[in-house]
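Participant: Next one to model:
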Amino acid sequence: MAHTQNYQIYHPSIKTKPKKEVIFGKAQTNRTDPPEKRWDSPVIDIKEDYNAVKFSDISNGVHIARSLIDKFGIRFKFDTIAFTGYSGATVGSILAHELGKDITIVRKKYDSLNQDTCHGMPIEGRIVGNCIILDDFFSSGSTLIRISNEILNNTWLSIVAVVLHKERSSFYEGTAKYIRDEVSKMKDVPFLYLEDGKLKAY
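Facilitator: Residues are numbered from 1 along each chain as shown. Next up, the predicted model:
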């Protein structure tokens, strides 16, 4: 189900009406011929593929992550769950609540769109102890490299595992190796994932 909201509330720094089909993040105007309306009427449809995924996807992500954590015996080896982005927050916050863990939020790289929506700190939450990095999946590895470097350079946290909460048909071992090569302290960190219905570690 699509959601609508006031455009100025969504991004108050934009003072003029958006042109047709201009994308801001993952919100997109759906007007074909924008009528002359006041700004107090809903003008933005948040697309269904905006990371506000269906509840079943969130609950599945939590279930997969918990299964991986329990299978590989790391439940009592970390204090906090580190994540980034909206999808990370939805799954990570619920998982942390269920496991009685803290959360560490790694902010996305700042650009002109999100400078007005966050206070400028790269990391929030617990910054001491052991953590897991929670993500859905990776392809190039750039996001995990960024998250790892932010944690290792700006906190006193040690990374004990990377947990991928979305099932994949294939795991990119080459990318995992690339991440370990790029971040030396990730050399012995296991990657836990679900592949074709099987819980695995790399």
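Participant: tell me which element the residue nearest to residue 158 when sequence neighbours are not counted falls in.
Facilitator: Once flanking residues are discounted, residue 158 sits nearest to residue 130: 5.0 Å by C-beta to C-beta, 6 or more residues apart in numbering. For glycine as for every other residue, the C-beta is placed from the backbone atoms N, C-alpha and C. Using DSSP states H and E, the element containing residue 130 is strand 128-135.
Participant: quick one: the very next helix or strand once past that strand to strand 128-135, angle?
Facilitator: Note on strand 128-135: by DSSP H and E, the next helix or strand toward the C-terminus is helix 142-154. Calculated by axes from the mean of the first three to the mean of the last three C-alpha atoms, to 10 degrees, helix 142-154 forms an angle of 170 degrees with strand 128-135.
Participant: Show the average pLDDT along helix 142-154.
Facilitator: Averaged across helix 142-154, pLDDT comes to 94.
Participant: what does the strand holding residue 130 rub up against?
Facilitator: 65, 69, 74, 77-84, 88, 91-92, 95, 102, 104, 143-144, 147-148, 151, 155-165 (C-beta atoms under 8 Å, 6 or more residues apart in numbering).
Participant: Phi first, then psi, for the nearest residue to residue 99 once chain neighbours are set aside.
Facilitator: In space, and not counting its chain neighbours, residue 99 is closest to residue 75: 6.8 Å by C-beta to C-beta, 6+ apart. Note on residue 75: its backbone torsions stand at phi -60, psi -40 [degrees, to the nearest 10].
Participant: on that earlier part again, going through the contacts of strand 128-135, which ones are buried?
Facilitator: Neighbour counting by 16 or more other C-beta atoms under 10 Å classes 65, 69, 74, 78-84, 88, 91-92, 95, 102, 104, 143-144, 147-148, 151, 155, 157-165 among the contacts of strand 128-135 as buried.
Participant: circling back: next one: the residue nearest to residue 99 from residue 176, what distance?
Facilitator: Going from residue 75 to residue 176 by C-beta to C-beta, to the nearest Å gives 22 Å.
Participant: just residue 137 next, same as before
Facilitator: For residue 137, the distance to residue 176 - C-beta to C-beta - is 11 Å.
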